[in-house]
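Chemist: Sequence and predicted structure, then a few things I'm wondering about:
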Amino acid sequence: MIEIILLFMTFLVLGYVLYPFYQSRYRWAYIPRNEEDPQVQQLQEAKREVLSAIKEIEFEHQMGKLSHADYEKLRDEYRKKALWILQELDRFNHPTRDVDRVEEEIRAYRYKLKHSGQSSIRFCPDCGASVEPFYKFCVQCGRQLLPSEQGG
Ligand SMILES: [Zn+2]
């Protein structure tokens with residue numbers, strides 16, 4: 001009987017410990033491939049609408065109902081919209097790109113900080129990690145920080 005209780009408790013603890021990992025993995029794997037996701041559905045619906053709108057203005061232009069200038073203006077607008085939708089859909093299919101983008105933004109922000117002279121914080125020239133002014137080595141990548149690279 002005690003074995004069963006121990007086994008049960010082991011599973012309970014394991015489940016408790018692994019649950020967040022499972023959940024986050026599940027989330028990452030789930031959203032991009034899920035066609036039922038309301039946002040993806042909305043985007044796909046919008047894509048269909050834009051494509052049919054483009055067909056419609058093409059048809060109306062051919063019928064002479066739409067002037068050439070109006071047609072080109074509308075077509076460009078719809079094309080921009082379609083491009084945006086495709087990019088958004090692409091983002092759902094490649095969620096890691098978002099992470100790359102955020103990292104890039106952080107790096108750009110740090111670069112800006114470093115060159116704005118408003119901060120006494122130093123940044124590693126290799127990985128961009130913030131380091132204390134008196135550090136001789138980067139805490140993140142271990143790169144040696146030369147005095148000439150100080151300041152900023
Ligand atoms: Zn570094």
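Modeler: Received the coordinates, thanks. The structure displayed is predicted, hence computed values, not measured ones.

Chemist: So which bits of this protein are right by the ion?
Modeler: Contacts of the chain with the ion, taken as CB under 5 Å from the ion, map to 124, 126-127, 129, 138, 140-141, 143. In this view, the C-beta of every residue, glycine as well, is placed from N, C-alpha and C.

Chemist: Give me the buried entries from those.
Modeler: 124, 138, 143 (16 or more other CB atoms under 10 Å).

Chemist: Serialize those residues to a markdown table and add fields for secondary structure and pLDDT.
Modeler: Shown next, in a markdown table, are these (DSSP: H, G, I helix; E, B strand; the rest coil; pLDDT from 0 to 100):
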| residue | secondary structure | pLDDT |
| --- | --- | --- |
| 124 | coil | 88 |
| 138 | coil | 89 |
| 143 | coil | 90 |
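
Chemist: now those residues in CSV, with distance to residue 47?
Modeler: Supplementary listing: those in CSV, determined by distance: CB to CB, whole Å:
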residue, distance to residue 47
124, 43
138, 45
143, 46
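
Chemist: And for residue 39, nearest residue in space, chain neighbours not counted?
Modeler: With CB to CB, 6 or more residues apart in numbering as the criterion, residue 39 has its nearest non-adjacent residue at 7.2 Å, and that residue is residue 92.

Chemist: what does residue 66 give?
Modeler: Per CB to CB, 6+ apart, closest to residue 66 is residue 60, 4.4 Å.
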